[in-house]
Structure formats: structure tokens, C-alpha cells
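1. Sequence first, then the predicted structure, then my questions.
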Amino acid sequence: MDPVTGVLIQYGAVGVVALLALAAVRVLFTRLSAESARESERADRLEEELRKLNETVRSEYVNTINTAARAISDATRAIEDARAAARRS
């Protein structure tokens, strides 16, 4: 028996209640630590998924948007050229 337990038991019922309270605190702390570790692992996993998604957006969708922007620019230029030709005639 460790010295803390021995001292608490000397105090009778109060010591037993204090010992049970310490045990409860230990259990709750252990449970909280485990939950914190699980949430940390979950956050790390979700962060990795987000990084992969961002990479996909950058690599695939940015090229598509670039192509679409060029097409819009070409169409705008063609419309302006047609308007200019219509004004000249």
C-alpha cells in the first residue's frame, strides 16, 4: 500500500471517500486523454483528406477554369471583331 492510501485509510470513511474520488478523477482523466487522442487522430486524418482535396482542385479544376477563361476571352474578342466589322460595313 502506498503512503497516500495508508494516510487516507487512517481517516476512515472520509479517507475512503477521498480515495474513491481520486480513483474517479483518474478514470475520468484517462477517459478524457483517450478521447483527446482520438479527436487528434481524427483531425489529422481530416486535415490530410483536405490537403488531398485541395491538391485535386489545384491540379484538375484550375486547368479547366483556365481553359474556360481562354474560351470566354476568345469569344469576347470574336464578338468585338464582329461588331467592328458590322460598324465598318
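-> Here it is on my side, so go on.
2. helix or strand right after the helix or strand of the chain with the lowest mean pLDDT?
-> In the chain, no helix or strand scores lower on mean pLDDT, DSSP states H and E than helix 3-10, which sits at a mean of 70. Using DSSP states H and E, the helix or strand that follows helix 3-10 in sequence is helix 13-56.
3. Show the secondary-structure elements that that following helix is packed against.
-> Packing partners of helix 13-56 (3 or more Cβ pairs under 8 Å, 6 or more residues apart in numbering; DSSP states H and E): helix 3-10. No exception for glycine: its C-beta is placed from N, CA and C like everyone else's.
4. neighbours around Leu19, how many?
-> The tally of other residues near Leu19 (other Cβ atoms under 10 Å) stands at 15.
5. Can you pull out the low-pLDDT segments for the protein?
-> Filtered on pLDDT under 70, the chain yields the residue ranges 1, 7-9.
6. try it again with 80
-> For the chain, applying pLDDT under 80 flags the ranges 1-16, 18-19, 89.
7. mind checking which helix or strand Arg87 is in?
-> helix 62-88.
8. Tell me the gap between that helix and the middle of its chain.
-> 41 Å (Cα atoms, centre = their mean, to the nearest Å).
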